[in-house]
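Chemist: below: sequence and its predicted model.
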Amino acid sequence: MGLPISQTLAPDGELVAAHDFTTDDLRAFHRDLVLARRIDTEAFALQRHGELGLWPPMLGQEAAQIGSGRALAPDDFVFPSYREHAVAWCRGLDPALLLAIFRGTSLGGWDPADHNIALPAIIIGAQTLHAVGYGIGLTLEGKEDAVVAYFGDGATSQGDTNEAFAWAASYNAPVVFFCQNNHYAISVPLERQTRVPIAQRADGFGFEGVRVDGNDVLAVHQVTSEALAKARAGGGPTLIEAITYRMGAHTTSDDPSRYRDAHEAESWAERDPLLRLRSLLERTDPGFADFDAEVQAEAEELGEHLRQVCGELPDPDLAELFEHVYDQIPPELVAQREEVRSWS
Amino acid sequence: MELSIGKALNAGLRAAMENDPKVLLLGEDIGRLGGVFRVTDGLQKDFGDQRVMDTPLAESAIVGASVGLAYRGFRPVVEIQFDGFVYPAYDQIVSQVARLRFRSEGAVAMPIVIRIPYGGGIGAVEHHSESPEAQFVMTPGLTVVSPSNPHDAFWMIQQAIASDDPVVFLEPKQRYWDTGEVGDEPGLGLHESRVVRDGDGVTVVGYGPVVKTCLAAADESDVPLEVVDLRSLSPLDLGPVYESVRRTGRVVVVHEAARTLGLGAELATRITQECFYSLEAPVQRVTGYDLPYPPCRVEHDHLPSVERILDAVAVTGEF
């Protein structure tokens, strides 16, 4: 079906295309992948211990997120969905802020301008339109920055996402639509969302769609960098379809064994994004073993840190939340806030 | 200066755009056509197509893109062409626009004005005469206002645009052509209600298109009616209402929207809680019926009329 799938690093760790990354770059990717996975697996464990009410695991999608997230320039802006834990990591967001959302102590209480990452959208596809509006704003200001909207394969069925594609094309907005095709929208497979490859849809809207092996961090970084450069240079939007696989459940609440064949997950485990980069580094980087030991120790520390901060996340004060509904608190909310206080 | 409500809104938008370069207008047909009601007439010619943007026909995108523009520091003013077309954008309004300040604990403002020509009485086809205000009033984080005269139209649109909160701005479309004096000062804040006719017999509370009907009823009534124009539906300013009801002891609430869980239900509850010992009669409601908006040949039987208001006034006198 037309579009080729970009790949630099084959599942067995062999290089199948040239790249410009230095050994330090590769090590940095390795570190990011390991630490991002640790954030995810630690949060998953915290949920199983009852510390989080829910967690949407990212396991298997690390390369898609690190590869694209590390392609971003500081002034680029990201509109994520709720599974972009590794993208948030790349933006420098404290992982505790993600834990807070799923522990139920916050709805995402950070200033998006601090790290150039918006609050996550839980309504599927809603953020794609926000990205387009932000991109139109960049154009109006004459800025040469870009914006990235992250979403999944299920979101391509939403009206908002299709409206976002149409608008981005119409306004030639500097937007990179980054679809992590992880093959399932909760339990519903990709085949129920689309009859053509997702990237192919971009053609119908009048812009370029590209497919990339989403478990290949090097290829993802390269195609995202190219799409961002094009956007910054006035070349308009790109739809990137990163083909990957959600190894775990949609969230900790569902049971993939009800809707997926075990062999399917096993076949994707062989394409693990961490193993393939590790394989390359083990063969080509003489000092890798020592570096990896440091990274593993760092991951242990990060896990420990997350366990600790999770338990220390403060419950918000319900009465204080009244301050944030409006710029000026209306009298009725003042009265209701006092009602809350009267119960404490 | 004598202006129609439509022209007053146009002048108010122009003033807001002159005062703040971050103000952008987005909507369907608002540029070259000047909007289907011509409220944005001439603005694209004077401010350019980057500040008055004719958009693709997609309501969710008009509001959703405005969220991104607001993230970037712009102040989008969007036109939803007709009330019944707002529902495709409802998710973006209630799930995104209304919540982002709360979710970010005050870090993100969404200074978006969503202009909606609303209400019936113009003989339109389906989806062109709806009164969806309660659906927005019940959403925390949104401000909902409706002017009833040219002076308020001119000043309230500017106050709405200056607000750092999202405002659903309901324009009473059957009154677009009504003319009146526009003064040099707003006189009232965006969220203040106002007694527009003094009377010590029965308090009549309305907003938007029905204020004129309430005033007409006051002209014809044997009982002196005190008419209160709410102006702001969320938040409500019920001080003048309570004050009036404490004097009159009788109250009629009027709106075009369907009765059940309409704004009248909230008003009746609050008036009962605050003015129970002053009330001489149960709060009466004159509203649209609990019907989808009917075919327009019978809309005048559906909408609050002078006769129905006077009948409700008479009912309050029977207790």
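Modeler: Sure, I can see it. Residues are numbered from 1 along each chain as shown, chains lettered A, B, ... in the order given.
Chemist: skipping its backbone neighbours, what lies nearest B:V39 in space?
Modeler: Among residues not flanking B:V39 along the chain, B:L9 sits closest, at 4.9 Å (C-beta to C-beta, 6 or more residues apart in numbering or on different chains). (Each C-beta comes from the backbone N, C-alpha and C, glycine too.)
Chemist: distance of that neighbour relative to chain A?
Modeler: Per C-beta to the nearest C-beta, to the nearest Å, B:L9 is found 23 Å from chain A.
Chemist: try B:A65
Modeler: For B:A65, the distance to chain A equals 3 Å [C-beta to the nearest C-beta].
Chemist: tally up the residues packed near that residue, please.
Modeler: Neighbour count of B:A65, defined by other C-beta atoms under 10 Å in any protein chain shown: 33.
Chemist: the nearest residue to it once chain neighbours are set aside in helix, strand or coil?
Modeler: What sits nearest to B:A65 in space, not counting adjacent residues and going by C-beta to C-beta, 6+ apart, is A:G133, at 3.3 Å. Secondary structure, DSSP: H, G, I helix; E, B strand; the rest coil: A:G133 is helix.
Chemist: so does stretch B:98-109 get close to chain A?
Modeler: Yes - residues of stretch B:98-109 contacting chain A under C-beta under 8 Å from any C-beta of the partner chain: B:99-109.
Chemist: should've said stretch B:154-169
Modeler: Yes - Stretch B:154-169 comes into contact with chain A (C-beta under 8 Å from any C-beta), by way of B:163-165.
Chemist: pull out the buried members of those.
Modeler: B:163, B:165 (16 or more other C-beta atoms under 10 Å in any protein chain shown).
Chemist: B:G187 contacts B:W155, correct?
Modeler: Yes - with contact defined as C-beta atoms under 8 Å, B:G187 counts as touching B:W155 (7.5 Å).
Chemist: neighbour-wise, which of those two wins?
Modeler: Ranked by neighbour count (other C-beta under 10 Å), B:G187 and B:W155 place B:W155 first, with 23 against 11.
Chemist: quick one: contacts for the residue nearest the centre of chain A?
Modeler: By C-alpha atoms, centre = their mean, chain A has its centre lying nearest to A:E84, at 2.5 Å. By C-beta atoms under 8 Å, 6 or more residues apart in numbering or on different chains, the contact set of A:E84 is A:58, A:65, A:78, A:120, A:150.
Chemist: next, give phi and psi for A:S6.
Modeler: phi -70, psi 140 (degrees, to the nearest 10).
Chemist: need the pLDDT of A:M1.
Modeler: On pLDDT, A:M1 comes in at 52.
Chemist: quick revisit: now intersect the contacts of A:E84 with the helices, please.
Modeler: Using DSSP state H, A:Q65 are the members of these that sit in helices.
Chemist: quick check: phi and psi at the residue of the stretch 151-300 of chain A found nearest chain B.
Modeler: Relative to chain B, the nearest point of the stretch 151-300 of chain A is A:E163 (3.9 Å; C-beta to the nearest C-beta). Main-chain torsions, A:E163, degrees, to the nearest 10: phi -60, psi -40.
Chemist: returning to what we had before: residues contacting the residue nearest to B:A65?
Modeler: A:G133 sits next to B:64-72, B:76 when contact means C-beta under 8 Å, 6+ apart.
Chemist: one more: B:G262?
Modeler: Neighbouring residues of B:G262 by C-beta under 8 Å, 6+ apart: B:134, B:255, B:285, B:287-288.
Chemist: which one of these is nearest to chain A?
Modeler: Within these, proximity to chain A (C-beta to the nearest C-beta) peaks at B:A134, which comes in at 15.6 Å.
Chemist: count the neighbours of that closest one for me.
Modeler: By other C-beta under 10 Å, the burial measure for B:A134, its neighbour count, is 21.
Chemist: chain B: strands as residue ranges?
Modeler: Taking DSSP state E to define them, one finds strands in chain B at B:2-4, B:23-27, B:52-54, B:75-79, B:113-118, B:143-145, B:167-172, B:179-181, B:194-197, B:202-206, B:225-229, B:232-234, B:251-258, B:284-288.
Chemist: can you list the strands that the third one pairs with?
Modeler: By that I understand strand B:52-54. When sheet partners are counted by DSSP bridges, strand B:52-54 sits next to strand B:23-27 (parallel).
Chemist: off-centre distance for the partner strand?
Modeler: With C-alpha atoms, centre = their mean, to the nearest Å as the basis, strand B:23-27 stands 19 Å off its chain's centre.
Chemist: stretch A:128-143 too?
Modeler: Between the centre of stretch A:128-143 and the centre of its chain there are 20 Å (C-alpha atoms, centre = their mean).
Chemist: check which residues of that stretch are buried.
Modeler: Here stretch A:128-143 shows A:128-140 as buried, counting by 16+ other C-beta under 10 Å.
Chemist: now pLDDT too, for these, in JSON lines please.
Modeler: What follows is the buried residues of stretch A:128-143, written out as JSON lines (pLDDT from 0 to 100):
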{"residue": "A:T128", "pLDDT": "98"}
{"residue": "A:L129", "pLDDT": "98"}
{"residue": "A:H130", "pLDDT": "98"}
{"residue": "A:A131", "pLDDT": "98"}
{"residue": "A:V132", "pLDDT": "98"}
{"residue": "A:G133", "pLDDT": "98"}
{"residue": "A:Y134", "pLDDT": "98"}
{"residue": "A:G135", "pLDDT": "98"}
{"residue": "A:I136", "pLDDT": "98"}
{"residue": "A:G137", "pLDDT": "98"}
{"residue": "A:L138", "pLDDT": "98"}
{"residue": "A:T139", "pLDDT": "98"}
{"residue": "A:L140", "pLDDT": "98"}
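Chemist: from those residues, pick the one nearest B:G121.
Modeler: A:L129 (33.3 Å; C-beta to C-beta).
Chemist: quick one: the closest one from chain B, how far?
Modeler: Counting by C-beta to the nearest C-beta, the gap from A:L129 to chain B is 3 Å.
Chemist: check contacts around the closest residue to that residue other than its chain neighbours.
Modeler: Spatial nearest neighbour of A:L129, chain neighbours left out: B:G64 (2.7 Å); criterion: C-beta to C-beta, 6+ apart. For B:G64, the contact set (C-beta under 8 Å, 6+ apart) comprises A:126, A:128-130, A:132-133, A:160, A:163-164, B:89, B:92, B:96.
Chemist: kindly report the same for A:R283.
Modeler: Neighbouring residues of A:R283 by C-beta under 8 Å, 6+ apart: A:G13.
Chemist: pull out the buried positions in whichever helix or strand it is part of.
Modeler: Assigned by DSSP states H and E, A:R283 belongs to helix A:273-284. Applying a neighbour-count criterion of 16+ other C-beta under 10 Å, the buried positions in helix A:273-284 are A:273-281.
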